[in-house]
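**Student:** Here is a sequence together with a model predicted from it:
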Amino acid sequence: MSKSVWHISIIAVVHFALFMTMFLLSFGHGMERFETGDEISQIESVLHMTFLVLAFPLITLTSYLKSMSFPGLWSYVPILANSFLWGFALSKGIQKIAKMGKS
């Protein structure tokens, strides 16, 4: 496999792990706040904003378009596609920066 495919795959796996971690932490803090009735904390705001950044663009799009909703385990398809889109974009960006540094 080419070096580029490996870079994209590694970035996608890291993105997916970060996305799921932010989702679970944000959800956990939200449920804890829901049970106690406390105000939203600074850490919860940061977790939620990080989640929203990592969810852009595909997860955000599918959440607004009901026709693009995926039932059950199929809901992981747009999450994985989003992670690979991030992997592709970041990999190409890193390659462009490396080429600019060499010239």
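**Tutor:** Looks like it arrived, so ask away.
**Student:** so where is the protein shaky, pLDDT-wise?
**Tutor:** 1 (pLDDT under 70).
**Student:** Helices along that one, start to end?
**Tutor:** In the chain, the segments counted as helices under DSSP state H are 3-36, 42-55, 58-64, 76-102.
**Student:** Check which helices and strands the third one is in contact with.
**Tutor:** This points to helix 58-64. Counting contacts by 3 or more C-beta pairs under 8 Å, 6 or more residues apart in numbering; DSSP states H and E, helix 58-64 is packed against helix 76-102. Where C-beta positions appear, they are placed from N, C-alpha and C, glycine not excepted.
**Student:** buried set for the helix it packs on?
**Tutor:** 78-79, 82-87, 90-91 (16 or more other C-beta atoms under 10 Å).
**Student:** which ones are touching the closest residue to Phe19 other than its chain neighbours?
**Tutor:** Using C-beta to C-beta, 6 or more residues apart in numbering and skipping residues adjacent in sequence, the residue nearest Phe19 is Leu54, 4.5 Å away. By C-beta atoms under 8 Å, 6 or more residues apart in numbering, the residues touching Leu54 are 15, 18-19, 22, 86.
**Student:** measure Leu54 to Leu47 for me?
**Tutor:** Note on Leu54: its distance to Leu47, by C-beta to C-beta, to the nearest Å, is 11 Å.
**Student:** Pull out the buried residues from stretch 17-28.
**Tutor:** Quick answer for stretch 17-28 (16+ other C-beta under 10 Å): 18-19, 22-23, 25-26.
**Student:** contact partners of it?
**Tutor:** Outside stretch 17-28, the residues that reach it (C-beta under 8 Å, 6+ apart) are 44, 47-48, 50-51, 54-55, 79, 82-83.
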